[in-house]
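*Asks:* sequence unknown, structure follows:
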């Protein structure tokens, strides 16, 4: 079973955002799922007092793609704004209280990305270089998450610290548009964008490791900020 910490009108602390779950392996999965749903509105808007940025939208400082197997590629996206992440659905969650490990799968129906790009690649025999604005839409995105943690002792109390977070992202499909190619020549730009999208599987393959690493870092940092000052016995009290 679980219960919500009482909310004050002012000066919210980390505990005000946590839905407390009993340390019971039989109920922990559903309770943690409900706890995440409970904090969703705060994640969407951000939690300034904890230095947690908003999830809707959130920003990825840089995404890098280097050398594909089929398409020679060197590209980067910077200051990428991602919208739609707040509409996530938790498909499943599995908490192991003995190892303090959390596994889960999260679904995002649609994600919209805006940012800047720098591109150096080759489509067929045509070299392609440019920079400008990028817009992309991805649909049916799933993320498998593995979160590991440990307990540390501070001033006689145990606190949980998340030590690593791995994210495996699967994107059903996406479309991307790069503006500013060929000095704004619409015909050449349209043709090139179509060629890029025809090879989007290869582009995603080269981008994915950097995307997963960046997203994992953001999520791990956010999780640790939320639990930083709450004793473990208050987050997961013993049955």
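*Replies:* Now that the structure is in, tell me what you want to look at. Quick caveat, the model's predicted, so the values are computed rather than measured.
*Asks:* show me the contacts for residue 147.
*Replies:* 101, 102, 103, 104, 162, 164, 165, 220, 223 (CB atoms under 8 Å, 6 or more residues apart in numbering). C-beta: built from backbone N, CA, C; applies to glycine.
*Asks:* Drop anything exposed from those.
*Replies:* 102, 103, 104, 162, 165, 220, 223 (16 or more other CB atoms under 10 Å).
*Asks:* Could you identify the least confident member of those?
*Replies:* Among the buried ones among the contacts of residue 147, residue 223 has the lowest pLDDT, at 89.
*Asks:* correct me, but that one touches residue 162?
*Replies:* Yes: the pair formed by residue 223 and residue 162 meets the contact definition of CB atoms under 8 Å, at 4.9 Å.
*Asks:* buried sites along the helix or strand residue 128 falls within?
*Replies:* In this assignment (DSSP states H and E), residue 128 forms part of strand 126-154. Using 16+ other CB under 10 Å as the test for burial, strand 126-154 gives 128, 130, 131, 134, 136, 138, 141, 143, 145, 147, 148, 149.
*Asks:* Same list (the residues you listed) but as a markdown table, adding pLDDT.
*Replies:* A markdown table is the format used below for these (pLDDT from 0 to 100):
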| residue | pLDDT |
| --- | --- |
| 128 | 70 |
| 130 | 75 |
| 131 | 81 |
| 134 | 90 |
| 136 | 92 |
| 138 | 92 |
| 141 | 92 |
| 143 | 94 |
| 145 | 95 |
| 147 | 96 |
| 148 | 96 |
| 149 | 95 |
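*Asks:* and which of the residues you listed is nearest residue 186?
*Replies:* Of all the buried residues of strand 126-154, the one sitting nearest residue 186 is residue 130; the distance, using CB to CB, is 14.0 Å.
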